[in-house]
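Q: Have a look; sequence and predicted model below, questions after that.
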Amino acid sequence: MIAYKLLRKRKNGTLGPLFINRRQVIPTGQWLQAENHPTKGYAVRPGWHTTSKPEAPHLSMRDRVWMKVEIKDYEKLVRPQNQGGVWWLAKQMKVLGKVKEN
């Protein structure tokens, strides 16, 4: 299934998660297995957090980029509209390419 993921774009051009496991480098074109990294102050929701549209009004776009991704083995999580509405928590994700960035 096609979904969207907001990633951090580092000064060196690599992509990484916004909040959890921030040091991870996320490559494009490779299937990635989700890992569980419980982090103080955040709900434990294992899986790659993706959205059905490249929208998350509650998050800043500074140094971030929306990427089109393919996901496998996912579950639906309904969130408030100001948090993008529907999230898909996926066990596997492959980054396909850039949709938009700030």
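A: Sure thing, it's come through.
Q: Pull the distance from whatever helix or strand His49 lives in to the chain's centre.
A: Using DSSP states H and E, His49 sits within strand 48-51. Remark: strand 48-51 is offset 5 Å from the chain centroid, using CA atoms, centre = their mean, to the nearest Å.
Q: average model confidence for it?
A: The average pLDDT for strand 48-51 rounds to 94.
Q: Okay, now the unreliable bits of this structure?
A: Scanning the chain for pLDDT under 70 picks out 100-102.
Q: Show me the strands in it, by range?
A: Taking DSSP state E to define them, one finds strands in the chain at 2-9, 15-16, 31-33, 48-51, 64-78, 86-101.
Q: want to throw these into a markdown table with distance to Arg22?
A: For the C-beta atoms, the positions are set from N, CA and C on the backbone; glycine is no exception. Output for the strands of the chain, formatted as a markdown table (distance: least, CB to CB, whole Å):
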| stretch | distance to Arg22 |
| --- | --- |
| strand 2-9 | 7 |
| strand 15-16 | 6 |
| strand 31-33 | 15 |
| strand 48-51 | 14 |
| strand 64-78 | 13 |
| strand 86-101 | 17 |
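Q: Serialize these to JSON lines and add fields for distance to Thr39 and mean neighbour count.
A: Output for these, formatted as JSON lines (distance: least, CB to CB, whole Å; neighbours: other CB atoms under 10 Å):
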{"stretch": "strand 2-9", "distance to Thr39": "15", "mean neighbour count": "20"}
{"stretch": "strand 15-16", "distance to Thr39": "14", "mean neighbour count": "16"}
{"stretch": "strand 31-33", "distance to Thr39": "18", "mean neighbour count": "12"}
{"stretch": "strand 48-51", "distance to Thr39": "13", "mean neighbour count": "23"}
{"stretch": "strand 64-78", "distance to Thr39": "17", "mean neighbour count": "16"}
{"stretch": "strand 86-101", "distance to Thr39": "16", "mean neighbour count": "17"}
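Q: For Glu55, give me its contacts.
A: 84-85 (CB atoms under 8 Å, 6 or more residues apart in numbering).
Q: go with 7 Å
A: Counting by CB atoms under 7 Å, 6 or more residues apart in numbering, Glu55 makes contact with Gly84.
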